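Below are the sequence and a predicted model for it; my questions follow.
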Amino acid sequence: MFSRILVPTDGSASSETAGRAAIALARGCGAYIVAVSIAQPGSPSCDGADPRDGGPGGCEAAMHAAAQRAGKIARLAQEAGVPARVVTAVASSEYEEIIRIAGELQCDLIFMATHGQGGLTRLIAGRVPQLVLAYSPVPVMLYRGSVLPA
Amino acid sequence: MYKRILFPTDGSEASGRAASAAVDFARSVGAELFAMTAVPPFHTFTADTEMLEQTASGYKEASMARAARLLDEVAALARDAGVPCTCLQVEGDNPYEAIIATARQHGCDLIVMASHGRRGIQGLLLGSETQKVLVHSAIPVMVHR
């Protein structure tokens, strides 16, 4: 059914929970996991890098952090016997980059947490998942996970 | 993995496409399907032309017939794919509440639905039934374009 599942992560506990569920699905379908994490120039996660530097050069620490976040999902996949690769990018708009990568790598499902970092409001889905959902050309699986009681 | 999949439909074009995807997915993971549609109850005071023009019993009959037609289409797809399918008409003014309640009642572990229903794509970012299902559902929701 699905052959390449894109799993975006922001390093939050909820995205790890969603990642584990994505891996279980991938194992069931014989799919491949593409673990994605985006470093944002000018964001606090860029570790004080000057936003005017823009590109990857200004954001090495943030790129490294993104690689670690995505690497964790890929490692969990490999431990479960599911092939995985890591993709990181610097982009100011996470959702656009996630959709771009999904297209470029021909992913057929995006599997993500309903709430990521900073999305703890009970009644509103996270901003990034909402935007991915609104603009993704491929199906999106939104996973609530254990962040909130059932 | 996923054993009981709820597929809510409102008869929109997007729901029709999502139906095939839901059936395919159910078959690939060996799940059974619960196809449902929410039927608004009759109100004496309403702006809904279908309700204004009809009596309570006439309205009920017409909306049940329409719901049965929608569900039959999904049931036919499921039958062709060899996927067990249960059809459910659920009365309720708020489709998202009916969807969440039905999922709980039938012990569903996944909801598969279209990204937008009859209100179209502009309803998608805020306030669509899909968004409401997402924020209220304890189980995962797979959304199809």
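Alright, I've got the coordinates.

in the chain, which spans are strands?
No chain was given, so I picked chain A. In chain A, the strands defined using DSSP state E lie at A:4-8, A:32-39, A:84-90, A:109-113, A:140-143.

Switch to chain B, please.
B:4-8, B:32-39, B:85-91, B:110-114, B:141-144.

Please identify the buried residues of the lowest-mean-pLDDT helix or strand in chain B?
The weakest-scoring helix or strand in chain B, judged by mean pLDDT, DSSP states H and E, is helix B:49-52 (a mean of 72). For helix B:49-52, burial by neighbour count (16 or more other CB atoms under 10 Å in any protein chain shown) applies to residue B:51. The C-beta positions use only the backbone N, C-alpha and C, and glycine is treated the same way.

For it, which outside residues touch it?
B:42-43, B:46, B:59, B:62-63 (CB atoms under 8 Å, 6 or more residues apart in numbering or on different chains).

Report the lowest-confidence entry in those.
Among those, residue B:46 carries the weakest pLDDT, at 73.

For chain B, what lies in contact range of chain A?
Residues of chain B lying close to chain A (CB under 8 Å from any CB of the partner chain) are B:1-2, B:21, B:24-25, B:28-29, B:115, B:124-125, B:130-131, B:134-135, B:137-145.

can we see that at 10 Å?
Residues of chain B lying close to chain A (CB under 10 Å from any CB of the partner chain) are B:1-2, B:18, B:21, B:24-30, B:104, B:110-112, B:115-116, B:121, B:124-126, B:128, B:130-145.

just to revisit the earlier point, hmm, which of the contacts of helix B:49-52 are the buried ones?
Going by neighbour count (16+ other CB under 10 Å), those have B:42, B:59, B:63 buried.

And the helices in the chain?
Answering for chain A, as no chain was given. Applying DSSP state H to chain A gives helices spanning A:13-29, A:60-79, A:94-104, A:127-135.

I was after chain B.
Counting by DSSP H, the helices of chain B are B:13-29, B:49-52, B:56-81, B:95-105, B:129-136.
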